[in-house]
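**Q** Okay, here's the prediction I keep looking at, along with the sequence it came from:
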Amino acid sequence: MLFSSVTFLYWFLPVVLVVYFLIPDGRGQKQMPRNMWLLLSSLVFYAWGEPEYAILMVLQILSGWFFGLLIERFRGGIGAKLALIAALAVGLGGLAFFKYADFFLANLNRLPGVDIPLLKIALPIGISFYTFQALSYDIDLYRNEAAVQKNPLLLATYVVLFPQLIAGPIVRYVDVARELKSRKTTLEDFGVGARRFVAGLAKKVLIANTLAEVVGIFAAENNALAAWLYLITYGLQIYFDFSGYSDMAIGLGKILGFKFLENFDYPYISRSITEFWRRWHISLSSWFRDYVYITLGGNRRGAARQVLNILVVWLLTGFWHGAGWNFILWGLYFGLLLLIEKFLLEKPLKKLPSALSHVYVIALVLISWVFFNSFSAGEIAHRLGLLVGAGTGGAYTAKTLYYLRSYFVPILIAIIGATPLPKNLLTIAENSRSLKTALAAAEPIAVAVLLIAVSAYLADGSFNPFIYFRF
């Protein structure tokens, strides 16, 4: 089930919220009825499209809960370490089987005399996200950074909570453990959450989906200008698509009484690649930092080991996104850029004029999308060649200029929307005595208009999946 669907917006979500708020609020065990309703609703949400894989998800949760009990039971001893290793083996083993089995088999088949049939297993939606969430519980428990959860239903509620179940942000158990036991939603929280949800919905449906059409047009052209416009529009599309989903998840969490951490912070205004990854998909980069990079030794074991640790993290980051060599290249590309910045460019970048540092970041990030959204070495080489005019269309064509003029306004709106400018203007208006009252009156109208516009767009029944569903 998609957030950006009529079924979710006008059937599933209203029923969930009405029943949720009819259940009396409480603390401790009195909060359980609401949690059980969320658990049931989340399982229905997930099983709506893939009922057979809901069982897989439940089994992963139960294994994480069981190994968590063992970690607590044998805390401080070898038993706890063995339980953690088992938890990692089961969680990562399931992820590897469903997501990477055919990738490895296909590459083995390239060896002389090897011909192993591919499994052709469908990828369970959200497995990369809910696996990392379940693992974070066991790892934090082993590190004594989280308390054991003896009730499997509460742990399941955390993992399958439908706002962030299938595309993040990756929420850690320690961040919501208290709210699972006691939370309260005020009318103000409900309003803030609803506005955030509608804003994210508009980003996805009105901007990202429109950009998807433009991306397809420029991808079909064969000249340098179209190649750069393809990367610009794709970079904007994936930002509005994914950050829009994160906004919706955070907004829904707020409505239900949960505070999810931010996942995007205007990454395209960064002045270095290092800063970019502090602002883009924050929950994933922080997960790899805390559970992989630091575990490997971080920067505590000398420069050579630090280089290796960074490359390992970015190899895994790329591979997390998909079972393909293009994703591995994409991850290593960023790993190398981060190493270059750390050891060579850190000081020069600080001295570089702001405009030039922004151009530096945007250019390198746009080039990264060539690897990310290409599925063969030939396609990567072709698109990189187009960027320097190696296509048959040369620098540009009249057709490309026509499409640029036709879609200039939505592209410009997207570029402006990817900066803090709209938010800053809104903040100035909210702090202005003369505008504050008018803004307060206009805000619900604006939210209603956005919701109507989104509903009109969705009325034709167009399929509009989120890009990160395939990861």
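**A** Happy to help now that I have it.
**Q** all helices of the stretch 101-250 of the chain, in order?
**A** Using DSSP state H, counting those that start in this stretch, the helices found in the stretch 101-250 of the chain span residues 127-142, 152-160, 173-181, 187-202, 209-219, 224-256.
**Q** Might you list the low-confidence residue ranges for the stretch 351-471 of the chain?
**A** Across the stretch 351-471 of the chain, residues meeting the criterion (pLDDT under 70) sit at 461-471.
**Q** quick one: the helices in it?
**A** With DSSP H, counting those that start in this stretch, the ranges of helices along the stretch 351-471 of the chain come out as 354-372, 377-387, 398-406, 408-417, 421-430, 433-458.
**Q** Using JSON lines, lay out those together with distance to S272.
**A** Every residue, glycine included, has its C-beta placed from N, CA and C. What follows is these, written out as JSON lines (distance: least, CB to CB, whole Å):
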{"stretch": "helix 354-372", "distance to S272": "6"}
{"stretch": "helix 377-387", "distance to S272": "22"}
{"stretch": "helix 398-406", "distance to S272": "29"}
{"stretch": "helix 408-417", "distance to S272": "20"}
{"stretch": "helix 421-430", "distance to S272": "21"}
{"stretch": "helix 433-458", "distance to S272": "34"}
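**Q** Dump the ones you listed into CSV; add distance to N109 and mean neighbour count as well.
**A** Listed next are the helices of the stretch 351-471 of the chain as CSV, based on distance: least, CB to CB, whole Å; neighbours: other CB atoms under 10 Å:
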stretch, distance to N109, mean neighbour count
helix 354-372, 24, 17
helix 377-387, 17, 15
helix 398-406, 40, 13
helix 408-417, 42, 14
helix 421-430, 51, 12
helix 433-458, 42, 13
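**Q** Go through those and name the closest to R110.
**A** Using CB to CB as the criterion, the shortest distance between R110 and the helices of the stretch 351-471 of the chain is 13.4 Å, found for helix 377-387.
**Q** got the contact list for the closest one?
**A** With contacts defined as CB atoms under 8 Å, 6 or more residues apart in numbering, helix 377-387 is touched by 222-224, 226-228, 230-231, 325-326, 329, 367, 370-371, 374, 391.
**Q** which of those are the two that sit furthest away from each other?
**A** Checked with CB to CB, the contacts of helix 377-387 reach their widest spread between N223 and W325, with 26.9 Å between them.
**Q** Which of those two has more residues huddled nearby?
**A** N223 (21 against 18; other CB atoms under 10 Å).
**Q** Quick check: phi and psi at that one.
**A** According to degrees, to the nearest 10, the main-chain angles of N223 amount to phi -150, psi 170.
**Q** Next, find the distance separating it from T400.
**A** Using CB to CB, to the nearest Å, one gets 6 Å for the distance from N223 to T400.
**Q** residues near the closest residue in space to K204 that isn't next to it in sequence, how many?
**A** Nearest residue to K204, sequence neighbours excluded (CB to CB, 6 or more residues apart in numbering): G244, at 3.6 Å. Burial of G244 is recorded as 25 neighbouring residues (other CB under 10 Å).
**Q** Could I get the pLDDT score of G244?
**A** At G244 the predicted local confidence, pLDDT, stands at 94.
**Q** can I assume G318 is in contact with W325?
**A** No: counting by CB atoms under 8 Å, W325 is not a contact partner of G318; they are 9.4 Å apart.
**Q** what's the closest non-adjacent residue to I232?
**A** The nearest residue in space to I232 (CB to CB, 6+ apart) is L366, at 6.5 Å.
**Q** Now do the contacts for the one you found.
**A** 228, 231-232, 235.
**Q** Same check on Q237?
**A** In this structure, Q237 makes contact with 208, 211-212, 214-215, 467, judged by CB under 8 Å, 6+ apart.
**Q** And this structure, what are its domain boundaries?
**A** For the chain, automatic domain parsing gives the domain ranges 6-184, 189-271+352-458.
**Q** for those, which one sits closest to R289?
**A** Nearest of the domains of the chain to R289, taken as CB to CB: domain 6-184 at 12.1 Å.
**Q** Any idea how far the closest one is from the middle of the chain?
**A** Shown here is domain 6-184, whose average C-alpha point lies 16 Å from the average C-alpha point of the whole chain (CA atoms, centre = their mean, to the nearest Å).
**Q** Mean confidence (pLDDT) on it, please.
**A** 91.
**Q** can you tell me the distance between the two ends of that domain?
**A** Using CA to CA, to the nearest Å, the end-to-end distance of domain 6-184 comes to 28 Å.
**Q** Which helix or strand contains the spatially closest residue to G79 that is not a sequence neighbour?
**A** Distances taken as CB to CB, 6+ apart place L70 nearest to G79, at 6.7 Å, with adjacent residues excluded. Take DSSP states H and E as the rule and L70 turns out to sit in helix 51-73.
**Q** what comes up buried for that helix?
**A** Of the residues in helix 51-73, those with enough neighbours to count as buried (16 or more other CB atoms under 10 Å) are 53-54, 57-58, 60-61, 63-68, 70-72.
**Q** And the residue of the chain most remote from its centre, how close does it get to S374?
**A** Outermost residue of the chain with respect to the C-alpha centroid, by CA atoms, centre = their mean, is G113; its distance is 40.2 Å. Spatial separation of G113 from S374 under the definition CB to CB is 30 Å.
**Q** One more: M248?
**A** If you measure M248 against S374 using CB to CB, the figure is 29 Å.
**Q** Could you check which of those two has the larger neighbour count?
**A** Between M248 and S374, M248 has the larger neighbour count (other CB under 10 Å), namely 27 against 20.
**Q** what's the closest non-adjacent residue to the more buried one?
**A** G200 (3.8 Å).
**Q** does the one you found really touch G253, like I thought?
**A** No: the criterion here is CB under 8 Å, and G200 misses it with G253 at 11.6 Å.
**Q** list the contacts for Q306?
**A** 297-299.
**Q** What strand or helix carries it?
**A** Taking DSSP H and E as the definition, Q306 sits inside helix 303-321.
**Q** Need the residues that contact the following helix or strand past that helix.
**A** Scanning forward in sequence from helix 303-321 by DSSP H and E, the next helix or strand is helix 325-340. Residues lying outside helix 325-340 but in contact with it, judged by CB under 8 Å, 6+ apart, are 273-274, 277, 307, 310-311, 313-319, 321, 364, 368, 371-377, 380.
**Q** how about helix 325-340 as PDB, C-alpha atoms only?
**A** The C-alpha coordinates for helix 325-340 follow below in PDB (Å, rounded to 0.1, in the frame of the first residue of the first chain):
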ATOM      1  CA  TRP A 325      27.800  -3.500  -9.700                       C
ATOM      2  CA  ASN A 326      26.500   0.000 -10.400                       C
ATOM      3  CA  PHE A 327      25.500   0.400  -6.800                       C
ATOM      4  CA  ILE A 328      28.900  -0.900  -5.700                       C
ATOM      5  CA  LEU A 329      30.600   1.600  -8.000                       C
ATOM      6  CA  TRP A 330      28.300   4.400  -6.700                       C
ATOM      7  CA  GLY A 331      29.300   3.600  -3.100                       C
ATOM      8  CA  LEU A 332      33.000   3.400  -3.800                       C
ATOM      9  CA  TYR A 333      32.800   6.600  -5.800                       C
ATOM     10  CA  PHE A 334      31.600   8.500  -2.700                       C
ATOM     11  CA  GLY A 335      34.100   6.600  -0.500                       C
ATOM     12  CA  LEU A 336      37.000   7.900  -2.700                       C
ATOM     13  CA  LEU A 337      35.600  11.400  -2.700                       C
ATOM     14  CA  LEU A 338      35.300  11.400   1.100                       C
ATOM     15  CA  LEU A 339      38.900  10.100   1.400                       C
ATOM     16  CA  ILE A 340      40.100  12.800  -1.000                       C
END
